[in-house]
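> Just need the structure, nothing else, for what follows:
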Amino acid sequence: MRLVQILLLFSLNLFLSGCDSDDHKNSLNFSAASLKQTQWKGTFDESYIESFGEPVSTTANAGIFFESETRGRYSLKWETMDQPTESTFEYRIEEKVLIVENGGVLNGYWLLTQSDKDTMVLEKGTNGEGAYKGILTLKRTS
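Sure, this is the predicted structure:
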């Protein structure tokens, strides 16, 4: 009986130590220092209720370049427009929140909801019924 307990504890220890190392290898270090001089591309989805009660949902192809630890550039190519929208922005990170200022449509508080080494999903909005919701789904390109 004692031998079975020792083997179970040993197996549990191996399992837990293996999971921990995989999580660290595949996790995104979400900080201004790690985002500095990286490029990301993906989609920007918005949804909200218009003043007449009609639901609105739009999607844009997104590209973001974090130039420094405080500045970046983005381009958004909306489905309904021929030319992309481009702008610069200022940002900072507070734990799991990316705060964008002076960046037009990207302004606001973006919560990191999913991530791994080369992917991040950021959401803006309260998730209340009918409330504005923005989702940035990005993959690192360099």
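> Contact partners for the nearest residue to residue 142 once chain neighbours are set aside?
With C-beta to C-beta, 6 or more residues apart in numbering as the criterion, residue 142 has its nearest non-adjacent residue at 4.8 Å, and that residue is residue 39. All C-beta spots, glycine's among them, are computed from the backbone N, C-alpha and C. Contacts of residue 39 were listed using C-beta atoms under 8 Å, 6 or more residues apart in numbering, and they are 63-66, 140-142.
> For residue 39, what is the enclosing helix or strand?
Assignment of secondary structure by DSSP states H and E places residue 39 within strand 38-49.
> Average pLDDT for that strand, rounded please.
In this model, strand 38-49 has a mean pLDDT of 95.
> what's the answer for stretch 76-91, then?
Stretch 76-91 carries an average pLDDT of 92.
> and it, which residues are buried?
The neighbour-count check on stretch 76-91 (16 or more other C-beta atoms under 10 Å) flags 76-78, 89, 91 as buried.
> Next: stretch 102-109.
Of the residues in stretch 102-109, those scored as buried under the neighbour-count criterion (16+ other C-beta under 10 Å) are 103, 105-106.
> Go through those and flag which are in helices.
Using DSSP state H to define helices, no part of the buried residues of stretch 102-109 is located there.
> thinking again about what came up before, please type out the ChimeraX selection for whichever of the contacts of residue 39 turn out to be buried.
Applied in ChimeraX, the following selects the buried portion of those according to 16+ other C-beta under 10 Å:
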select :63,64,65,66,140
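> what's in contact with stretch 111-124?
Residues lying outside stretch 111-124 but in contact with it, judged by C-beta under 8 Å, 6+ apart, are 25-28, 30, 40, 96-98, 108-110, 132-140.
> what residue ranges in this protein score low on pLDDT?
Applying pLDDT under 70 to the chain picks out residues 1-26.
> Can you show me the helices along it?
Taking DSSP H to define them, one finds helices in the chain at 2-25, 32-35.
> follow-up on the earlier one: out of the contacts of stretch 111-124, which are buried?
Among these, those that count as buried by neighbour count (16+ other C-beta under 10 Å) are 28, 30, 40, 98, 110, 133-138, 140.
> Please identify which of these is nearest to residue 54.
Ranked by distance to residue 54 (C-beta to C-beta), the buried ones among the contacts of stretch 111-124 are led by residue 133 at 15.5 Å.
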